[in-house]
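1. generate a structure from the sequence data that follows.
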Amino acid sequence: MTTNFPLSLDDFTNPSSGSSLSSPSHADQHADANDAIEALEAKVGVDNSAVTTSLDYRTTALAAASSFGFVSGRYHISGTGYHSSAGTNITMSTANRCFYIPILIGVQTTFDRIAARTASTFSGSGVWRLGIYNNANGAPSSLVLDAGTVSPTAASTVYPITINQTLSIGWYWLAVCAQTVASTNSIFGYGGPIFCPVSRVSDAGFAHSLMWMQNSISGALPDTATPIEATGSSFPLVGIRAA
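-> Just a heads-up that it's a prediction; the model follows:
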């Protein structure tokens, strides 16, 4: 029979162990299977297919439409989209409190650095732990990467950690945890809403975007985040650099 795919699914007749080569026809079985395989190949498409109905063409187009892209050698920050106050100094005054901030990865990318930047008011010395978490239902879930710690001592300085982490398409959460609080433990951040598909509803409306935090993380990042909602609309920034 001629394959019905992709308009509808085929209904093949399978031979049994006692079937002769003519019932069903052995030649027809091969012909039917070949027709179906060829229809599947046409539907999937070759690499870099120009056939607009093929899955290869459509997934490539979708990835291009959904991703702004990542420039090699540049940092991409966790808070994407509109911000009302760039360069806000966020003081992380509570030791062992971890903040989780969302980031959208629109195309699979390998990153070679993760970093945070001290604010202009930073003074003293501190220890910040950085990492990456998966997303589940709008909140950080399982640990992707515990990148280790940086020890900031100077204001207005980027503190990077070398990593080798490939992230597939999807939402993730970048983590920063002040495990030793400096005299003025201020981190570069933003005030205003995060471009994120979830928001905290308040009496004033959708006034604050959703950010999560977790207390009492004194060492390695936990394998599974158990976050609570962070109040306020200002948040620290974490950057990851495209390789």
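2. drop to CA atoms for contacts and neighbour counts, all remaining ones
-> OK.
3. so which residues of this protein form helices?
-> Assignment of helices within the chain using DSSP state H yields the ranges 26-44, 55-66.
4. any idea which of these gets closest to D112?
-> helix 55-66 (21.9 Å; C-alpha to C-alpha).
5. mean confidence score for the closest one?
-> Average pLDDT, helix 55-66: 77.
6. low-confidence stretches in the chain?
-> 1, 63-67, 78-87, 191-210, 231-233 (pLDDT under 70).
7. break it into its domains for me.
-> For the chain, the domain assignment from automatic domain parsing gives the residue ranges 26-66, 75-242.
8. pick the most buried one from those.
-> domain 75-242 (a mean of 19; mean count of other C-alpha atoms under 10 Å).
9. tell me how far that domain lies from the chain's centre.
-> Distance of domain 75-242 from the chain centroid (C-alpha atoms, centre = their mean, to the nearest Å) equals 13 Å.
10. ok so, going back, so for C177, which of the helices of the chain sits nearest?
-> helix 55-66 (30.2 Å).
11. CA atoms of stretch 166-178 as CSV?
-> The C-alpha coordinates for stretch 166-178 follow below in CSV (Å, rounded to 0.1, in the frame of the first residue of the first chain):
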residue,chain,number,x,y,z
THR,A,166,26.5,24.2,28.1
LEU,A,167,22.9,25.2,28.6
SER,A,168,20.1,24.0,26.3
ILE,A,169,17.1,26.1,25.3
GLY,A,170,14.9,27.1,28.3
TRP,A,171,14.6,29.1,31.5
TYR,A,172,17.3,28.9,34.2
TRP,A,173,18.0,30.6,37.5
LEU,A,174,21.4,32.2,38.3
ALA,A,175,22.3,32.1,42.0
VAL,A,176,24.4,34.4,44.1
CYS,A,177,24.9,33.7,47.8
ALA,A,178,26.8,36.0,50.2
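12. so what touches that stretch?
-> Stretch 166-178 has contacts (C-alpha atoms under 8 Å, 6 or more residues apart in numbering) with 78, 92, 94-111, 116, 126-135, 139-140, 217, 238.
13. mind running it again at 7 Å?
-> Here stretch 166-178 makes contact (C-alpha atoms under 7 Å, 6 or more residues apart in numbering) with 78, 92, 95-111, 127-135, 140, 238.
14. ok, stretch 23-43 next?
-> By C-alpha under 7 Å, 6+ apart, stretch 23-43 touches M1, T2, T3, F5, P15, S54, L55.
15. now the fourth one: phi and psi?
-> Looking back up the chat, that one is F5. Phi and psi for F5, reported as degrees, to the nearest 10, are phi -70, psi 140.
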